[in-house]
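[1] this one's structure only:
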């Protein structure tokens with residue numbers, strides 16, 4: 001008998017998260033879609049249910065709220081859901097430097113991309129261990145593999161997700177659980193509009209850009225195969241491979257060279 005897997009995706013209303021939802025539905029998985037925008041979630045869930053005949057639940061919540069992960073866990077229990085695949089995709093970044101960003105905004109970034117991904121992983125891992133099967137994707141960034149950009153908390157946060165994923169994968173693989181750090185580069189989503197960097201992003205060469213569907217497929221394939229790191233795209237793989245061996249003393253210069261949003 002074929003087991004129907006249930007996939008929990010955060011940041012599922014657009015971009016990479018929505019692409020993951022479409023791909024998982026095409027694989028016959030049931031869904032729990034989480035994001036702030038309820039109308040977008042409902043439209044996507046209804047469309048995927050009709051198209052693929054799967055169960056698609058939604059839960060609208062802002063992951064910047066410290067209580068949000070607990071509310072998601074309560075929703076899972078109340079609706080008798082079993083989370084087999086967790087995709088921590090929700091993200092946030094500012095277009096201001098660390099010193100010019102308020103603590104409330106910095107705290108929101110940490111809550112969404114550090115605390116929430118850790119708490120959600122902690123909540124689903126016990127069940128995965130009991131069933132001896134589970135998959136977790138933490139959407140990191142190519143930024144986690146490059147020298148840190150000046151003034152941005154985003155790079156440090158994405159490095160946390162990258163390291164956490166590898167540590168969890170080593171710990172949990174003997175229990176049938178695979179954890180992957182997905183490290184996309186520039187991807188055609190609303191992210192740059194939210195950051196206010198769309199104009200600068202237009203100067204980035206076309207060959208460095210990926211479609212969200214390509215990123216989602218690569219991440220899904222990697223975690224199912226048990227690969228702890230996934231860098232989608234040839235250009236991104238080359239970039240990561242060539243910058244990693246560079247001595248630390250040269251990182252500040254490289255950071256400025258590779259950051260298209262610096263003046």
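    Cool, got the structure. What you see is a predicted model, and the numbers here were worked out from it, not measured in a lab.
[2] my read is that residue 158 contacts residue 144, right?
    Yes. Counting by CB atoms under 8 Å, residue 158 does reach residue 144; the two are 4.3 Å apart. The way it works is simple: take the backbone N, C-alpha and C, and place the C-beta from them, glycine included.
[3] of these two, who's got more company?
    Neighbours were counted for residue 158 and for residue 144 using other CB atoms under 10 Å; residue 158 has more, 27 against 23.
[4] surely the more buried one is within a helix?
    Yes. Counting by DSSP: H, G, I helix; E, B strand; the rest coil, residue 158 falls inside a helix.
[5] leaving out sequence neighbours, find the closest residue to residue 75.
    residue 59 (4.9 Å; CB to CB, 6 or more residues apart in numbering).
[6] per-residue pLDDT, the one you found?
    Residue 59 is assigned 98 on the pLDDT scale.
[7] need the three-state assignment for it.
    Classification of residue 59 using three-state DSSP returns strand.
[8] kindly report the same for the one 3 residues further on.
    The three-state label for residue 62, taken from three-state DSSP, comes out as coil.
[9] so who does the residue nearest to residue 75 touch?
    Contacts for residue 59 (CB atoms under 8 Å, 6 or more residues apart in numbering) come out as 32, 33, 34, 41, 71, 72, 75.
[10] what does residue 45 give?
    Per CB under 8 Å, 6+ apart, neighbours of residue 45: 31, 33, 56, 57, 58.
[11] centre of the chain to the helix or strand containing it, how far?
    Per DSSP states H and E, residue 45 falls inside helix 38-52. Centroid separation between helix 38-52 and its chain, computed with CA atoms, centre = their mean, to the nearest Å, is 20 Å.
[12] same question for stretch 143-156.
    The answer for stretch 143-156 is 16 Å, by CA atoms, centre = their mean.
[13] equivalent analysis for stretch 134-146, please.
    7 Å.
[14] so where's the stretch 1-150 of the chain shaky on pLDDT?
    1-2 (pLDDT under 70).
[15] recalculate using a threshold of 90.
    1-3, 92-98, 142-150 (pLDDT under 90).
[16] then the stretch 151-263 of the chain?
    For the stretch 151-263 of the chain, the ranges with pLDDT under 90 are 151-155, 185-210, 233-263.
[17] residue 166: neighbour count?
    15.
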